[in-house]
Structures are given as C-alpha cells and as structure tokens.
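> model this:
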Amino acid sequence: MFGASELYTALNVAAIQAKVDRYGTGYAIFSDHLIPSDCEAVKTVNFYMVSRLPESEVDMYSYLINCRALTMGEALDISKTIIDAVSRKTYDDCFIYMVPSRVIPPMDATDNYNAPIEAIIKLRG
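Numbers count the residues shown, from 1 in each chain. Next up is the predicted model:
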C-alpha cells in the first residue's frame, strides 16, 4: 500500500531486528497504527502512512514510525539504528529519507517511551 511494503522490507533487517523483541515467529515490527493486543513485547516498531505529499514527478508518501521501549535510551537506540540502516537509501523503485522527532515520554505506567521518526518515501511509478 503506497510504500508500506517497501518500508516494511527496509525495516526488517538484522540490525533493526537485533534492537526489537520477538513476536510470534518474527520480530515486533508492525505495519499498522496499533501494536497487536496479544503482543507482550516491550521494544517494538510500528509504522503507518500519515499523508500523501503534493503531486510531483514521483509519488511521495509520509509515514510515521514509532520506536517504543521501556527507557528513553532504548527508544532512541532503536530510532538511531533505523535511521542509520534505512535513511537516504534507494530500494528497487523507491528512496527513503527519515527525520527524527522528539521523544514522547510514557503517558502512564502502562506506556513506553516513543522516539518517532518521519519517513518520506519517494516511489517511481
């Protein structure tokens, strides 16, 4: 869906897998607004499309990637690993550029730190 599969493939690499918890037979990396309710993982990544960017020669989409962990340091570590592994790289027919945002602290005792990243995906059509 508009770059989601390309972003999932880019995120599902060994360097990032090493930073997140396991979920089922894979890793806690989700292409969805919410983390599944049966997921007990603490270090997770989920992403979803925020908007389509104005028309140009290429299709451009903005995604929000949430890097969640128990501590701010762990959340920032996941975020930095993602940016180092994925940002400013070309994949098949797309280019991904990332911009980190400020860390969001937990809302309550049931929440984790979130180090969000905005990902701009440019697809050649």
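> send the alpha carbons of the lengthiest strand in the chain over as CSV?
Longest strand in the chain, counting residues (DSSP state E): strand 59-69. What follows is strand 59-69, C-alpha atoms only, in CSV (Å, rounded to 0.1, in the frame of the first residue of the first chain):
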residue,chain,number,x,y,z
ASP,A,59,4.7,9.5,-5.8
MET,A,60,5.7,10.7,-2.3
TYR,A,61,4.2,9.5,1.0
SER,A,62,4.9,10.4,4.6
TYR,A,63,4.9,7.6,7.2
LEU,A,64,5.3,7.9,11.0
ILE,A,65,7.5,5.2,12.6
ASN,A,66,7.1,4.7,16.3
CYS,A,67,10.1,3.3,18.1
ARG,A,68,8.9,2.2,21.6
ALA,A,69,10.9,0.9,24.5
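> and it, which strands flank it?
strand 44-52 (antiparallel), strand 113-114 (antiparallel), strand 117-123 (antiparallel) (DSSP bridges).
> next, name the residue at the spatial heart of the chain.
A centroid search over the chain (Cα atoms, centre = their mean) returns Ile65, at 3.2 Å, as the residue closest to the centre.
> per-residue pLDDT, that residue?
On the pLDDT scale, Ile65 is placed at 98.
> stretch 32-40: which residues count as buried?
Ile35 (16 or more other Cβ atoms under 10 Å). Every C-beta, even on glycine, is put in place using the N, C-alpha and C of the backbone.
> no wait, stretch 39-49
So stretch 39-49, judged by 16+ other Cβ under 10 Å, has buried residues Ala41, Lys43, Thr44, Val45, Asn46, Phe47, Tyr48, Met49.
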